[in-house]
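*Asks:* Predicted coordinates and the sequence they were generated for:
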Amino acid sequence: GQQLNQSPQSMFIQEGEDVSMNCTSSSIFNTWLWYKQDPGEGPVLLIALYKAGELTSNGRLTAQFGITRKDSFLNISASIPSDVGIYFCAADNNNDMRFGAGTRLTVKP
Amino acid sequence: GAVVSQHPSRVICKSGTSVKIECRSLDFQATTMFWYRQFPKQSLMLMATSNEGSKATYEQGVEKDKFLINHASLTLSTLTVTSAHPEDSSFYICSARDARSSSYNEQFFGPGTRLTVL
């Protein structure tokens, strides 16, 4: 099935910096979600978006559902060492969920 | 809320044996469960979707006779890797959703099972 285009593939940042990552698709989706996966564990849901244009925050995380319904971004403000991990975007259309390839985030203290 | 468990977390087996992995939704009823496979440094690849009480729907390229899925109750799904071979070694992750919930598009993932076939 069609995967999502997620970028960047990896990021190396200094603690305290802001982070931005995004996902795009050539198809329209009804739902966009962002997950974080730590090594050896399953993904954990961070933010779910249900409406085009929706902007939602979860602590230092902010995500938006693109107005065209074909893209979404995730911002992390004031990064801390525990933000390290792999971030996946996911998009869903009626029980058909697709994932991006992931963004591997490294935060240097 | 929305906790999904998997058992075992790690299994090592000999080639040719079968391995069963359990996925449980602990505090909600999972009308649909999904099984994913993840290779190192790669994204999740959907293997199959199972609805409670009905046969699983497998993705193209996934052998249904090799990866047996049973979703007998609203809180339990099992994946059995039959006659496992080294190339089946991978990280298997299940997820679950409650279609009756207002946030039914959200999938909640288990912690994963690391399978190593010798």
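*Replies:* Received the coordinates, thanks. Numbers count the residues shown, from 1 in each chain, chains lettered A, B, ... in the order given.
*Asks:* Contact partners for residue 56?
*Replies:* Since no chain was named, I'll use chain A. In this structure, residue A:56 makes contact with A:47, A:48, A:49, A:62, A:63, A:64, judged by Cβ atoms under 8 Å, 6 or more residues apart in numbering or on different chains. For every residue, glycine as well, the C-beta is placed using N, CA and C.
*Asks:* The intended chain is chain B.
*Replies:* Neighbouring residues of residue B:56 by Cβ under 8 Å, 6+ apart: B:48, B:49, B:50, B:64, B:69, B:71.
*Asks:* SS state for the second one?
*Replies:* What it means is residue B:49. Reducing the assignment at residue B:49 to three states with DSSP: H, G, I helix; E, B strand; the rest coil gives strand.
*Asks:* what's the answer for the fifth one, then?
*Replies:* When the structure is split into helix, strand and coil by three-state DSSP, residue B:69 lands in strand.
*Asks:* Mind checking which of the contacts of residue A:56 land in strands?
*Replies:* Within these, membership in strands is found for A:47, A:48, A:49, A:62, A:63, A:64, as judged by DSSP state E.
*Asks:* and which of those is nearest chain B?
*Replies:* Lowest distance from chain B to these (Cβ to the nearest Cβ) belongs to residue A:48, with 5.1 Å.
*Asks:* Averaged pLDDT, stretch A:31-48. What do you get?
*Replies:* Rounded to a whole number, the mean pLDDT of stretch A:31-48 is 94.
*Asks:* That one near chain B anywhere?
*Replies:* Yes: contact of stretch A:31-48 with chain B (Cβ under 8 Å from any Cβ of the partner chain) involves A:31, A:33, A:35, A:40, A:41, A:42, A:43, A:44, A:45, A:48.
*Asks:* How far does that stretch sit from its chain's centre?
*Replies:* 8 Å (Cα atoms, centre = their mean, to the nearest Å).
*Asks:* got it, and stretch B:22-32?
*Replies:* In terms of Cα atoms, centre = their mean, the centre of stretch B:22-32 is found 11 Å from the chain centre.
*Asks:* List the buried residues in it.
*Replies:* Residues of stretch B:22-32 classed as buried by neighbour count (16 or more other Cβ atoms under 10 Å in any protein chain shown): B:22, B:23, B:24, B:25, B:28, B:30, B:31, B:32.
*Asks:* what lines up beside the helix or strand encompassing the second one in the sheet?
*Replies:* Secondary-structure element containing residue B:23, defined by DSSP states H and E: strand B:19-25. Strand B:19-25 has the following strand partners under DSSP bridges: strand B:4-7 (antiparallel), strand B:76-81 (antiparallel).
*Asks:* Which among those strands is found nearest to residue B:97?
*Replies:* Residue B:97 sits nearest to strand B:4-7 of all the strands paired with strand B:19-25, at 9.9 Å, using Cβ to Cβ.
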